[in-house]
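[1] No sequence on hand, only this structure:
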């Protein structure tokens, strides 16, 4: 029965990996066409052809400006951030052996937000530290704090896997609340009313301000993160059975784990610094892909990256059209999908453990 299930997962994974790049391309094109001003898809294609290959199609300058200077860059950034955030969920769930681990619930996104706000609003570093670096430092500090707190809590409880998983999630929630409170305190102390409104909107996930200068950093972070994760796909497989099992297979546990955590923090830092804190992408997408392609990371890593990219592009389109004349923070859309999915994962986990 397991062989049949593995074969079905392989076939589904093969089909998904073949279809998803085309689905991503279609999502980016439709995401560029759809908005407050509807632009025909043919005009989008002509504008891209003019810009890339100087095709000479007659396109209205206003439409061309909307497509090239605003929507296309926004769609590409959304795809890169979706891929990166989804991959962080894959890595954290494997390393921590916890199906509920993701950067939002673990406090990493909150820590990155605090680091970014400290640099931009409080002016720490006097301009020598970039927003992305501040977000990276915040994510690493948050992870270290959550890991230490979880170790202390698990050490005082019984050492079963269930108690360790619960300790990690509780520590992540505590870390999230702490860094969210620090962020709110910094904003209240240093930002004026207009700045505070803009920052709070950004913290809920905002792609409105993204431009072509943001594309390079987000795409590079997503591609580099995906490459590192795929290179260590066998290590991720081994970590799902525990650090001892990984060590018995000849994996250098500490260096590999340190590298994967650093890569995860870098991706979170870059994405949060560009679009704010977007929750549940790293939780929902990896679980959906495990159901579709199986648990082996040679298929799970690329499938999750592509699915995360598609998911966030579609979520961004919905954030622009779901309320006429108003753009919602993209974090609202991901939470509307992620919160019910989180509940389903909790219920399924309890049933799987017979509780």
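    Looks like it came in fine. Owing to the predicted nature of the structure, the values given are computational and were not obtained by experimental measurement.

[2] which residues sit against stretch 113-129?
    Contact with stretch 113-129 is made by 130-139, 141-142, 179-180, 182-183, 186-187, 189-191, 195, 199, 203, 269, 272-273, 276-277, as judged by Cβ atoms under 8 Å, 6 or more residues apart in numbering. Just so you know, the C-beta spots here come from the backbone N, C-alpha and C atoms, and that holds for glycine as well.

[3] Report the buried residues of it.
    113, 114, 115, 116, 117, 118, 119, 120, 121, 124, 129 (16 or more other Cβ atoms under 10 Å).

[4] Dump those into a markdown table; add distance to residue 309 as well.
    Formatted as a markdown table, those follow (distance: Cβ to Cβ, whole Å):
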| residue | distance to residue 309 |
| --- | --- |
| 113 | 22 |
| 114 | 27 |
| 115 | 25 |
| 116 | 22 |
| 117 | 27 |
| 118 | 29 |
| 119 | 27 |
| 120 | 27 |
| 121 | 30 |
| 124 | 33 |
| 129 | 29 |
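
[5] among these, which are in helices?
    Among the buried residues of stretch 113-129, the residues falling in helices (DSSP state H) are 113, 114, 115, 116, 117, 118, 119, 120.

[6] thinking again about what came up before, ok, the buried residues of stretch 113-129 vs residue 218, which is closest?
    residue 116 (14.2 Å; Cβ to Cβ).

[7] For that closest one, which non-adjacent residue is spatially closest?
    By the measure of Cβ to Cβ, 6 or more residues apart in numbering, the closest residue to residue 116 outside its immediate chain neighbours is residue 135, 4.2 Å from it.

[8] And residue 111, by the same measure?
    residue 142 is the one closest to residue 111 (Cβ to Cβ, 6+ apart), at 2.4 Å.

[9] repeat for residue 32
    residue 71 is the one closest to residue 32 (Cβ to Cβ, 6+ apart), at 4.4 Å.

[10] tell me the contacts of the one you found?
    Each residue near residue 71 by Cβ under 8 Å, 6+ apart is listed here: 31, 32, 33, 35.

[11] separation between it and residue 44?
    To residue 44, residue 71 is 8 Å away according to Cβ to Cβ, to the nearest Å.

[12] hey, what's in contact with both of those two?
    32, 33.

[13] Please work out the average pLDDT along stretch 75-86.
    Mean per-residue pLDDT for stretch 75-86: 96.

[14] Drop anything exposed from the contacts of stretch 113-129.
    Looks like the contacts of stretch 113-129 have 131-139, 141-142, 179-180, 182-183, 186-187, 191, 199, 203, 269, 272-273, 276-277 buried, using 16+ other Cβ under 10 Å.

[15] List the ones among those residues that fall in strands.
    In strands, judged by DSSP state E, none of the buried ones among the contacts of stretch 113-129 are found.

[16] So which of those belong to helices?
    Short answer: the buried ones among the contacts of stretch 113-129 in helices (DSSP H) are 131-139, 141-142, 179-180, 182-183, 186-187, 199, 203, 269, 272-273.

[17] so where's the stretch 101-250 of the chain shaky on pLDDT?
    124-128, 153-166 (pLDDT under 70).

[18] cutoff 80 now
    Low-confidence segments of the stretch 101-250 of the chain, defined by pLDDT under 80: 105, 121-132, 150-169, 191-202.

[19] in what helix or strand does the closest residue in space to residue 293 that isn't next to it in sequence lie?
    Distances taken as Cβ to Cβ, 6+ apart put residue 13 closest to residue 293, at 3.3 Å, once the chain neighbours are dropped. Applying DSSP states H and E as the criterion places residue 13 in helix 2-33.

[20] next SSE after that helix?
    helix 41-53.

[21] okay, now residue 212: neighbour count?
    Using other Cβ atoms under 10 Å, the number of residues around residue 212 comes to 14.

[22] quick one: contacts for it?
    So residue 212 contacts 69, 73 (Cβ under 8 Å, 6+ apart).

[23] hmm, try it at 6 Å
    By Cβ atoms under 6 Å, 6 or more residues apart in numbering, the residues touching residue 212 are residue 73.
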